[in-house]
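A.B. asks: A predicted structure for the sequence below; I have some questions about it.
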Amino acid sequence: LFGVHSSGHGSLTAKVGNTNISSNSKVNYGSTIVFTATPSAGYQIKGWYSNSDCTNPINNETNDTYTVTITGGTNVYVKYEEIPEEKFAVTIQPNNANYGTVSPSGLQQVGASGIDITATAKTGYQFDEWTCTIGASVEDASKPNTTASATAESTVTANFSIKNFTITYHLNGGTNNTSN
């Protein structure tokens, strides 16, 4: 008997010599069966097991093949798992800590799926945009709340600036002297 645990994440085939066999096939004593596991995209082999719940490991290997010489009834199952996302060290920082803060801040582990980041300007300052070194990107650089993702070690910076205000005044008689 053989099968796949977590169906939909890969397939399992078996051969005796050059002949494909199916689960529940009768195989002669002493025959060698080669099981071949083929994970679906984004998955890898977690292990080979002797029970359908995949709680009894046959060995501690994650090879794509498992070979067994038949000496009795044999159960073989393969279990697949999602390939873990690769993550990279990304520093998330403000351009000037006196102007604003970021959350999370400092060194973070970030992958392609990203993490949510927030820039908060302090009183008298404004958020301008996010900038990134090569290997990082943000979903929307113009928004203080966005998602950062990474494909390499990198830095994501929230850029803040001092707010500028337009001052308008009117003279009620007299002259305007801007040289003082």
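C.D. replies: On my side now, so go ahead.
A.B. asks: lowest-scoring secondary structure element of this structure by mean pLDDT?
C.D. replies: strand 2-5 (a mean of 52; mean pLDDT, DSSP states H and E).
A.B. asks: what about the residue nearest to Ser22 when sequence neighbours are not counted, neighbour count?
C.D. replies: Of all residues not flanking Ser22 in the chain, Ala14 sits nearest, at 7.7 Å (CB to CB, 6 or more residues apart in numbering). In this view, the C-beta of every residue, glycine as well, is placed from N, C-alpha and C. Neighbourhood size, Ala14 [other CB atoms under 10 Å]: 19.
A.B. asks: wait, isn't Ala14 in contact with Thr32?
C.D. replies: No - using CB atoms under 8 Å, Ala14 makes no contact with Thr32, being 10.8 Å away.
A.B. asks: got any ranges where the chain has weak pLDDT?
C.D. replies: For the chain, the stretches with pLDDT under 70 are 1-8, 174, 176-180.
A.B. asks: quick one, helices of this structure?
C.D. replies: In the chain, no segments count as helices under DSSP state H.
A.B. asks: residue nearest the centroid of it?
C.D. replies: The C-alpha lying nearest the average C-alpha coordinate of the chain belongs to Glu85 (CA atoms, centre = their mean; 3.5 Å).
A.B. asks: give the contact list for Tyr29.
C.D. replies: Contacts for Tyr29 (CB atoms under 8 Å, 6 or more residues apart in numbering) come out as 70-71.
A.B. asks: how close does it get to Thr71?
C.D. replies: Tyr29 is 7 Å from Thr71, where distance means CB to CB, to the nearest Å.
A.B. asks: same check on Ile58?
C.D. replies: 14 Å.
A.B. asks: neighbour count: those two, which is higher?
C.D. replies: When Ile58 and Thr71 are compared on other CB under 10 Å, the one with more neighbours turns out to be Ile58, at 18 against 9.
A.B. asks: spatially nearest residue to that one (excluding sequence neighbours)?
C.D. replies: Trp48 (4.4 Å).
A.B. asks: was I right about the residue nearest to the centre of the chain contacting Val110?
C.D. replies: No - taking contacts as CB under 8 Å, Glu85 lies outside contact range of Val110: 9.6 Å.
A.B. asks: can you count the residues close to Tyr169?
C.D. replies: 5.
A.B. asks: what does Tyr43 give?
C.D. replies: The number of residues near Tyr43, taken as other CB under 10 Å, comes to 16.
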